[in-house]
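# this is a predicted model, with the sequence first.
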Amino acid sequence: MSVYVGNLSYEVTEESLNAVFAEYGSVKRVQLPTDRETGRVRGFGFVEMGTDAEETAAIEALDGAEWMGRDLKVNKAKPKEDRGGSFGGGGNRSNYGGRNRY
């Protein structure tokens, strides 16, 4: 039961986000990913709620709501995609140096 929260202010803290979602039920966990180089919040996060009903109530109330000067984007989090260990974009491997060699 995880909720995606987008368009967050860069000033947001886990504690402040927890307080907003706690109005709609029990908050199990708050995650705010940060930029590896700057340590700054990346503008989105995830909130785990106690039940599906609490999650739904929070989504319905907060999606599109203004908070900290921004309109929130709140929806059910999608599972992280398996990237399959692929590196690069693939493409036509027979195209060497911009010239087709057939």
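All right, it came through fine. Residues are numbered from 1 along each chain as shown.
# hey, which helix is longest across the chain?
Ranked by residue count under DSSP state H, the longest helix found in the chain is helix 52-62.
# buried residues of it, list them for me.
By 16 or more other Cβ atoms under 10 Å, the buried positions in helix 52-62 come out as 54-59, 62. For glycine as for every other residue, the C-beta is placed from the backbone atoms N, C-alpha and C.
# repeat that for stretch 70-86.
72, 74, 77.
# now swap in stretch 2-18 and tell me
Quick answer for stretch 2-18 (16+ other Cβ under 10 Å): 3, 5, 8, 12, 17.
# from those, which land in helices?
Those of the buried residues of stretch 2-18 lying in helices (DSSP H): Leu17.
# what's the most distant pair in the buried residues of stretch 2-18?
Largest separation among the buried residues of stretch 2-18 by Cβ to Cβ: Val3 and Val12, giving 14.4 Å.
# for Asp35, what are its contacts?
Going by Cβ atoms under 8 Å, 6 or more residues apart in numbering, Asp35 touches 41-42.
# same deal with the one 5 residues further on?
Contact criterion Cβ under 8 Å, 6+ apart gives 10, 34 as the residues in contact with Arg40.
# all strands of this protein, in order?
All strands of the chain, identified by DSSP state E, fall at 2-6, 27-31, 44-49, 66-67, 70-71, 73-76, 95-96, 99-100.
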